[in-house]
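[1] predicted model follows, preceded by the sequence.
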Amino acid sequence: MKLASLLTLTVISFSALADESLDYLKLRNNKESRSNLIETKNFSEIKEWIREYEIDEKALYQKSGLVLRDAIAEVRKNETICDYGFYKTFKQKAINYGYIRRTADLHPFLNYLRTRNFIDDVFLKMMRKLVDLNLVMIQTRADLTQSYSYPFTPNRNKNISVLELFDQISTMPDEKNSCVIDNLQSIQSSLTFTSESDKVKQTSFVLEEALDQKIIDLKYYNMLQLLNQNPDLVSGLKVRKYLAVVSKTKDIFLKGEPTKSKVNLTQNVISKKEMITERERLYRVYTPEQILMLSEVVNRTSQRISAKEANIVFTLQDDTNDNYKLTPLEQYRVSLRILQKEMNELKRSELFKENNIYYEDLVMSAFETGLISSSEFDQILKFEEFWNPSVPRWKAYTDFGFTIAQTATFLAPGPWNVVGAIALILTQSKIMAKDRQPEPVDNGNVVL
Amino acid sequence: MMKIFLVSTLLSLSSVVFSQEFTVFDRRNDSGVTYKKVQLQDLISTDSFDGKYFKIVLGKNAEAIKFNGSKDLVFKAANAYHHLTQARLFWRDVIKADPRSLDDKLVVRLEITNLYDDLGHFANDNRDPQYNNALSIPRGESPEFVEPALRESWGNEIWFRPKKIVNVQSMAKTLGDNPLTQSLKVIKNPLIDYFEYRFIFRLTEALIAPTGNYSELSDEFVKFLGTIALSMVVINSSQKLDPLFVEKYFYIDSAAVPEIIYHEYAHVILSDSLQMSHSTPVIEGMADYFATALAQNTKMYDHIKGFNLSEPKNVAQKKFYTHWDESNDAANGDFVISLLWQIRGVIGPEVTNKLIYESRKSLSTNSSSISDGLIRSLLENCSKVCRDPMADRLKLLSFFQSRGF
């Protein structure tokens, strides 16, 4: 069942890539304020690579994007994509343009593309993994003539039907209509395991069974085994998912040219282990359709806030209307309340039951679709303060301190208890007055 | 040839302007007020305060005040002329106001006590003479039913009233507006709460573990009641001290105070949309804003020894909005000016100047409130003049929210 749903998703994503909107220019970075992946040493590597290949830097800037253009054109022509297949196409194009001769030189070339914003960190990270995977394959090529051997007795997946498991994926994929990484992951999705290391062991067992039963040949077995042994290089965002999100969502609502200023939050790392940024999380977690829906919530909020006026209409018992015109600030607050409600409705919906939606996701989606600009980003992000106000750490400590001090004055002997209480009251009122926020309910001139 | 020479000579004479040195007040950037010598610009008379754009007259007179008049009057006339010129340059060069509103010659009346009468320009001299303020007068003319000999027409004018010393201490109400009463009110309720909790604590203790000795409980009850009684007595008594916390006297010589001159000139410029016949918190606040933008003081209308004892308006105050701010009694308050001034910190001074100036077009003279009319107008016009309309509108909304709207 899991395999079937994965294949369905693959077909959907493939058809998305045949879309006219998949343009290599959409890969350009206009969202990330900085690169989390490029380090100082990468610049010297780029210089070294340019020197070694005797590349004219001006021509490089003008033509390096063509490698991307040709690789994407091939994707559109074939209407299909596999991660490893895309990588091989990209590598071949880079060789054709004379930018690399060795696989390892793809690293400085990709880094160069990132430093010049031809690509973003999300794409760079995927491609780096694929280059590293290829390098591992090259290093272990000698071993691929004989099978790996894992003396291991499974206790979890011993009753699984290996023949059934390899039913549709028993031959070496062509990396166009069938993808080796997908095949491995579809096998793994059918297995039971307790941890990531156990997953590798259980998969090895199944692969050996398939080899022993001659369901797969040695070359295919070794390829799957190599991928299995390098889980970090095959995990994470897939190229087709990335391209599907880019083609279907990126800047589709953008009016005019994209702004040059970018947003810092996109590059906030939310998982240090895998170096996943907020933006990468968006690409990994949500489908293009979901991103559009999240973006639409922000769009509607923005339109409500900007509406010329808003009214509450009461239809009275005699069918006449009583109209109350909201003030601009009431209109603003109602719009934010509706935003909160719509976000909660999305969380409850079937479409998002697998995802835990954060408010940042809505704003990130709206930024990705070009609905909001970088200058609007921070302002819209602050909407959450309306229903989920942040308490500064110093205030939490101060409140705790006052609670302790109040009890202490209560137990102190007279007259220090009274003196202490007055001092505490004055200090507290001074601090609270400084930090006090207005409450609409305190104001007789507003109803919301 | 001779005719051409005469015509050209007459034309050039009509545009000849002079400058002459006078002493005026100077107050910039909260640094207090000083006397300084300045050259009055664009004078068309060599012996009176008659200029290309301003004519300074005494009372109901039609002729400009002469340079050789009384020292006090000449000082105020020069001061008014100089600061009006500064204001005009500010509106022309910084705000880039509509040139039509800048080129009309303005009559400025000093020491005038008459009420304004929209039927006949000046009300009778004996009708409620006015002191210690200033006002702007809209252009007008007598209606047709007025006898032709008495009919009059006039352009926009600014009237500065003479100063009159008023003993305000004797008029101070004992409502408890003094800081002592306010401070006592702050600690009253928490203190009563404190003794109430202590009493409840002792009461609970006595109920859970009765000892038979209830003297501590009764002590706490007495303290609790005593605190309530004592605080009421002290607070009520402190209210009587209001007169001790106000200035003994009050007076303003409005023609001497630069910010008042800027304020009144702002009314004239804004009058293409906001009529000068009304004084609402929105209209006064807008005029205050432009006066502050020109004066660059955070405490506007501050004391000037011998000329002004009014309370300053603190443009940096962050008081929350209440519906009482909409009252016309609050027209001279500092809520709107502080609200508008602090927008500069949100979207920048230049854009704020432009935004507030443009907003006048969407306001109604007598019906625009602060919470709806002014805010709506600022937000609407931000779409036209803000650098980043959507982001700036959101910043403004967040700011207005923080001010209690």
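    Structure's in. What do you need? Numbers count the residues shown, from 1 in each chain, chains lettered A, B, ... in the order given.

[2] for the nearest residue to A:Thr301 once chain neighbours are set aside, helix, strand, or coil?
    Excluding the flanking residues, the one nearest A:Thr301 by C-beta to C-beta, 6 or more residues apart in numbering or on different chains is A:Leu339, at 4.3 Å. Any C-beta I mention is one placed from the backbone N, CA and C, and that applies to glycine too. Recorded secondary structure, A:Leu339: helix (DSSP: H, G, I helix; E, B strand; the rest coil).

[3] swap in B:Leu135?
    The three-state label given to B:Leu135 by three-state DSSP is strand.

[4] and B:Gln20, bridged to which residues?
    When bridges are called by DSSP bridges, B:Gln20 pairs up with B:Leu40.

[5] contact partners for the closest residue in space to B:Asp103 that isn't next to it in sequence?
    Spatial nearest neighbour of B:Asp103, chain neighbours left out: B:Tyr53 (7.4 Å); criterion: C-beta to C-beta, 6+ apart. In this structure, B:Tyr53 makes contact with B:Asp42, B:Leu84, B:Thr85, B:Arg88, B:Leu102, B:Asp103, B:Lys105, B:Leu106, judged by C-beta atoms under 8 Å, 6 or more residues apart in numbering or on different chains.

[6] what's the ChimeraX line that selects buried ones from the residues you listed?
    Only the buried entries of those go into this ChimeraX selection, using 16 or more other C-beta atoms under 10 Å in any protein chain shown:
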select /B:84,85,88,102,106
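
[7] dump the contacts of B:Tyr53 to JSON lines, plus pLDDT, secondary structure and distance to B:Val74.
    Listed next are the contacts of B:Tyr53 as JSON lines, based on pLDDT from 0 to 100; DSSP: H, G, I helix; E, B strand; the rest coil; distance: C-beta to C-beta, whole Å:
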{"residue": "B:Asp42", "pLDDT": "94", "secondary structure": "strand", "distance to B:Val74": "18"}
{"residue": "B:Leu84", "pLDDT": "98", "secondary structure": "helix", "distance to B:Val74": "16"}
{"residue": "B:Thr85", "pLDDT": "97", "secondary structure": "helix", "distance to B:Val74": "16"}
{"residue": "B:Arg88", "pLDDT": "98", "secondary structure": "helix", "distance to B:Val74": "21"}
{"residue": "B:Leu102", "pLDDT": "94", "secondary structure": "helix", "distance to B:Val74": "26"}
{"residue": "B:Asp103", "pLDDT": "91", "secondary structure": "helix", "distance to B:Val74": "27"}
{"residue": "B:Lys105", "pLDDT": "94", "secondary structure": "coil", "distance to B:Val74": "21"}
{"residue": "B:Leu106", "pLDDT": "96", "secondary structure": "strand", "distance to B:Val74": "19"}
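
[8] from the contacts of B:Tyr53, pick the one nearest chain A.
    Distances from chain A to the contacts of B:Tyr53, taken as C-beta to the nearest C-beta, are shortest for B:Leu102 (31.8 Å).

[9] any idea of the pLDDT on the spatially closest residue to that closest one that is not a sequence neighbour?
    In space, B:Leu102 comes closest to B:Arg92 once its chain neighbours are excluded; the distance is 5.5 Å by C-beta to C-beta, 6+ apart. pLDDT recorded at B:Arg92 is 97.

[10] and the helix or strand harbouring A:Gln406, what does it pack onto?
    Here A:Gln406 sits within helix A:393-411, counting by DSSP states H and E. The elements that helix A:393-411 packs onto, with contact taken as 3 or more C-beta pairs under 8 Å, 6 or more residues apart in numbering or on different chains; DSSP states H and E, are helix A:416-435, helix B:179-208.

[11] what does that helix contact?
    Contacts for helix A:393-411 (C-beta under 8 Å, 6+ apart): A:Trp416, A:Asn417, A:Gly420, A:Ala421, A:Leu424, A:Gln428, A:Ile431, A:Asp435, B:Tyr197, B:Arg198, B:Phe201.

[12] likewise stretch A:306-319?
    Outside stretch A:306-319, the residues that reach it (C-beta under 8 Å, 6+ apart) are A:304, A:321-326, A:330-331, A:334, B:383, B:390, B:393.

[13] ok, and for it, which residues are buried?
    A:Ser306, A:Ala310.

[14] would you mind giving the domain segments of the chain?
    In the absence of a named chain, this looks at chain A. What automatic domain parsing lists as the domains of chain A is A:2-141+A:236-248, A:157-233, A:269-387, A:393-442.

[15] was after chain B, sorry
    Taken from automatic domain parsing, chain B resolves into B:14-164, B:179-245, B:273-402.

[16] run the chain-centre distance for the second one.
    Taking the mean of its C-alpha atoms, domain B:179-245 sits 43 Å from the chain's own mean (C-alpha atoms, centre = their mean, to the nearest Å).

[17] tell me if that domain is near chain A.
    Yes: interface with chain A: domain B:179-245 contributes B:Val186, B:Ile187, B:Pro190, B:Leu191, B:Tyr194, B:Tyr197, B:Arg198, B:Phe201 (C-beta under 8 Å from any C-beta of the partner chain).
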